[in-house]
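Visitor: pasting the sequence and the predicted model now:
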Amino acid sequence: MLKKLESMPRNYKRMLLLASDALAIPFAYWLSFNLRLDFKHVGLNEGEWLVVILTTAATMLVFVRTGLYRAVIRYIGIHAGLTVLKGALASAVFMTCLSFLFQVWLPRSVPFVYFVLVLLFVGGGRFFLRHWIFASQNNQRRRVAVYGAGSAGSRVMLSLLNSQEYRPVLFVDDDPERIGRVISGVAVVSRSWFLEQYQKMGIKDVLLAMPGVSRSRRREIIESLSHLPVRVHSIPDLGDLMSGRARLEEIRDVQIEDLLGRDEVAPNKSLMHANIRDKVVLVTGAGGSIGSELCRQILKQKPRNLVLLDQSEFSLYRIHRELEESKAVVPDECALIPILGSVLDQELLGSVLNNFRVQTIYHAAAYKHVPMVEHNLVAGLRNNLFGTANVARLASDAGVEACILVSTDKAVRPTSIMGASKRLAEMVFQVQHSLKNKAKSRTRFGIVRFGNVLGSSGSVIPLFQEQIAKGGPVTVTHADMVRYFMTIPEAAQLVIQAGAMAQGGEVFVLDMGEPVKIAAMARKMIALTGLSVKEGDNDGDIEIAYSGLRPGEKLYEELLIGENDMPTSHPRVMQAQEIMIEAAELDGLLAELQILFDSGDCEAIRDLLMRAPLGYAPQGKVEDLLWKSEMAAALAQEATVKPGRVVALDPRKERLS
């Protein structure tokens, strides 16, 4: 029956309420007389009927004008109750006045009894329906505990009480002064009590309602819940709430950042401003994960102009639109200049630097997905190496004040083409600094190296989330694979601050914290969704499948090539002591690579990189897909040569075979 009522059109529901009230008011009049006269006043005379009809009409008009019939039964609360109270009082006054007007006998206690009955039938009936609706849905609603009984938790609790999906049954809090209290009809219990009794309470979800708590505190709480078969949710953090990007009532799945992220060190304002405030800033790769976050952080430091360069039209459009919208919320005179193009286009890059008089460059444009670059060797090297060489040389020619390269831990003793290309890019910046005096350039070159960032494009985090949502399996390359992680906002802030400390050619290394096992991270992500890992005899929900290392990957990443590193003025930034290559040697290497690019000889390119002072040590064969296809086709063609004919095989093809 309830389902039929819920499926009815809204107008039909209003008509039913109008009809029920039209019957309830005359019945309240009749019952009030009979309660007063011990049910000896069974019938109504002509005058009484006239009073009843006019009182009912006047009362219904009051209810309509006050909006009672616009209220949704499921969500009625104090406001609707006050509306009914006012209507019932007005109805009792109407009834009394009409009785005197038409000289209808009216015992003095009847108006008071009538008022209570109207209040009970009209208001009580609605609240009974509301309770009936929620009671019928309680079996379908997931029982949830709200962790945090502060102001945010109380507000979220009120929202959940009207939710069709969740049924709040407990507050959990660590504050002894709050434990034992009852808020919005819900008891506050301790964490220890909850950990022992959650199964008896039938709780399936826990909602963290502590937007202002530190990341380390949040991580400690989540860790204590991670072994429970419950799904952990969260409300947005304080930064998103204050910026207007999120509302308190929004419920999100807990992000892996809450488990891996650290408490951020407050940024040094002088370092944040040094290369940005009132300057023209260029970000290459502005639409990428790091580039876009750099743009957000840079805009907060009030540059004069911000130039966004990216070769992806969609990525450039997306970050430009986002920044324009943020400027609309917080007006800023900074001009946003989106430039569609590649750092390989020297003419375009030179025009941008000179026409807009760029003073600071953050070079984040790079192909960074290790297997993808391994499969497209020439394209990856050309973009990452020669694009960086263009940026460094043209920055020096244009008199740019500071030019900062965003590098990666994969440049340290690389096993992949991507890592080798980034180590060469670092050397380009170091050599360009050494040539600065000869070129009479004022450009300060700096390099900032760090590991993986959480949630970036190509990161394992979004992949794991997608796989878990599909029911698994979650694919991990190796059980012992370890990676460093930090949040994208923290990485961008540290890049800006490290860049401000650059005097020329330094390699700055960010403190990434403790390394994390990818397999352990996958297990935690599965646990956060309230599911269990399927392994051995454990009949769990999600299986973890080990797929093996992909081309170019290694088990462990490093941040330092040498053994020594020096502290800086920032606690999260170190300066590495790296060996520099001579300019002549680098020029010869670049020239030879260019010749090999034109020939497309991937084997020779890899051999050259292995001889170069990069520490490059590949672990497998050449994986460039186009080169392998060409070699396979050539081998197939030579295999069809007529018998007796002598054919000299190309050594490259012999190696492939």
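Guide: Good, I have the coordinates. Numbering: from 1, shown residues only.

Visitor: please name every helix or strand in contact with the longest helix along the chain.
Guide: Criterion DSSP state H: the longest helix present in the chain is helix 10-36. Packing partners of helix 10-36 (3 or more CB pairs under 8 Å, 6 or more residues apart in numbering; DSSP states H and E): helix 46-65, helix 110-118. Any C-beta I mention is one placed from the backbone N, CA and C, and that applies to glycine too.

Visitor: for Phe445, find the nearest of those.
Guide: Among these, helix 46-65 comes nearest to Phe445, with 73.9 Å by CB to CB.

Visitor: contacts for that closest one next, please.
Guide: 18, 21-22, 25-26, 29-30, 44, 69, 83-84, 86-88, 90-91, 94-95, 98-99, 102-104, 118, 122 (CB atoms under 8 Å, 6 or more residues apart in numbering).

Visitor: can you say which of these are buried?
Guide: 21, 25-26, 29-30, 44, 83-84, 87-88, 90-91, 94-95, 98-99, 104, 118, 122 (16 or more other CB atoms under 10 Å).

Visitor: quick one, helices of the stretch 151-300 of the chain?
Guide: 151-161, 191-197, 215-225, 238-243, 257-260, 269-274, 289-300 (DSSP state H, counting those that start in this stretch).

Visitor: how about TSV for the ones you listed, with mean neighbour count added?
Guide: Shown next, in TSV, are these (neighbours: other CB atoms under 10 Å):
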stretch	mean neighbour count
helix 151-161	18
helix 191-197	14
helix 215-225	16
helix 238-243	14
helix 257-260	21
helix 269-274	16
helix 289-300	22
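
Visitor: distance to Glu466 and mean pLDDT for these - can I get that in a markdown table?
Guide: Shown next, in a markdown table, are those (distance: least, CB to CB, whole Å; pLDDT from 0 to 100):
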| stretch | distance to Glu466 | mean pLDDT |
| --- | --- | --- |
| helix 151-161 | 28 | 79 |
| helix 191-197 | 31 | 88 |
| helix 215-225 | 21 | 82 |
| helix 238-243 | 23 | 53 |
| helix 257-260 | 17 | 67 |
| helix 269-274 | 35 | 93 |
| helix 289-300 | 17 | 94 |
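
Visitor: closest to Glu347 out of those helices?
Guide: Distance to Glu347, taken as CB to CB, is lowest for helix 289-300 among the helices of the stretch 151-300 of the chain, at 21.8 Å.

Visitor: helices or strands up against the closest one?
Guide: Counting contacts by 3+ CB pairs under 8 Å, 6+ apart, helix 289-300 is packed against strand 280-284, strand 305-310, helix 313-329, strand 360-363, helix 488-501.

Visitor: same thing but 7 Å
Guide: Helix 289-300 is packed against strand 280-284, strand 305-310, helix 313-329, helix 488-501, with contacts defined by 3 or more CB pairs under 7 Å, 6 or more residues apart in numbering; DSSP states H and E.

Visitor: please work out which of the ones you listed is packed deepest.
Guide: Greatest average neighbour count among the helices and strands packed on helix 289-300 goes to strand 280-284 (a mean of 27), per mean count of other CB atoms under 10 Å.

Visitor: neighbouring strands of that one in the sheet, and parallel or not?
Guide: Strand pairing for strand 280-284, determined by DSSP bridges: strand 305-310 (parallel), strand 360-363 (parallel).

Visitor: returning to what we had before: so can I have a markdown table of the helices and strands packed on helix 289-300 showing distance to Cys403 and mean pLDDT?
Guide: Output for the helices and strands packed on helix 289-300, formatted as a markdown table (distance: least, CB to CB, whole Å; pLDDT from 0 to 100):
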| stretch | distance to Cys403 | mean pLDDT |
| --- | --- | --- |
| strand 280-284 | 9 | 97 |
| strand 305-310 | 13 | 96 |
| helix 313-329 | 21 | 89 |
| helix 488-501 | 9 | 91 |
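
Visitor: right, so of those, which gets closest to Ser190?
Guide: Of all the helices and strands packed on helix 289-300, it is helix 488-501 that lies closest to Ser190, at 32.8 Å by CB to CB.

Visitor: alpha carbons only: can I get the closest one in CSV?
Guide: This file holds the C-alpha atoms of helix 488-501, laid out as CSV (Å, rounded to 0.1, in the frame of the first residue of the first chain):
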residue,chain,number,x,y,z
ILE,A,488,49.0,16.7,-5.6
PRO,A,489,48.4,20.0,-3.7
GLU,A,490,51.4,19.3,-1.4
ALA,A,491,53.6,18.5,-4.4
ALA,A,492,52.7,21.6,-6.3
GLN,A,493,53.3,23.9,-3.2
LEU,A,494,56.7,22.3,-2.6
VAL,A,495,57.7,22.7,-6.3
ILE,A,496,56.9,26.4,-6.1
GLN,A,497,58.9,26.8,-2.8
ALA,A,498,61.8,24.7,-4.0
GLY,A,499,61.9,26.7,-7.2
ALA,A,500,62.2,29.9,-5.3
MET,A,501,65.3,28.6,-3.6
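
Visitor: what angle sits between that helix and helix 215-225?
Guide: 150 degrees (axes from the mean of the first three to the mean of the last three CA atoms, to 10 degrees).

Visitor: who does the very next helix or strand once past helix 488-501 touch, helix- and strand-wise?
Guide: Tracing the chain past helix 488-501, the next element assigned as helix or strand by DSSP states H and E is strand 506-510. Secondary-structure packing of strand 506-510 (3+ CB pairs under 7 Å, 6+ apart): strand 444-450, helix 488-501, strand 573-576.

Visitor: so Ile183 sits right up against Val156, yeah?
Guide: No - under the criterion of CB atoms under 7 Å, Ile183 makes no contact with Val156, lying 11.1 Å away.

Visitor: could you dump the helices and strands packed on helix 289-300 into a markdown table and include distance to Ile605?
Guide: Below are the helices and strands packed on helix 289-300 laid out as a markdown table (distance: least, CB to CB, whole Å):
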| stretch | distance to Ile605 |
| --- | --- |
| strand 280-284 | 24 |
| strand 305-310 | 27 |
| helix 313-329 | 28 |
| helix 488-501 | 30 |
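
Visitor: out of these, which gets nearest to Gly148?
Guide: Closest approach to Gly148 among the helices and strands packed on helix 289-300 (CB to CB): helix 488-501, 23.3 Å.

Visitor: and the angle for the closest one with helix 289-300?
Guide: For helix 488-501 against helix 289-300, the angle by the same axes, to 10 degrees is 70 degrees.

Visitor: which residues touch helix 488-501?
Guide: Identification of contacts with helix 488-501 by CB atoms under 7 Å, 6 or more residues apart in numbering yields 264, 267-268, 271-272, 274-275, 289-290, 293-294, 297, 362, 402, 404, 406, 446, 448, 450, 453-456, 508, 510, 568-570, 572-573.

Visitor: buried subset of those residues, written for PyMOL?
Guide: The following PyMOL line selects those of the contacts of helix 488-501 that are buried, judged by 16+ other CB under 10 Å:
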select buried, resi 264+267+268+271+272+274+275+289+290+293+294+297+362+402+404+406+446+448+450+453+454+455+456+508+510+568+570+572+573
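
Visitor: okay, strands next: where are they in the stretch 51-200 of the chain?
Guide: 142-147, 166-172, 182-183, 186-189 (DSSP state E, counting those that start in this stretch).

Visitor: thank you, goodbye.
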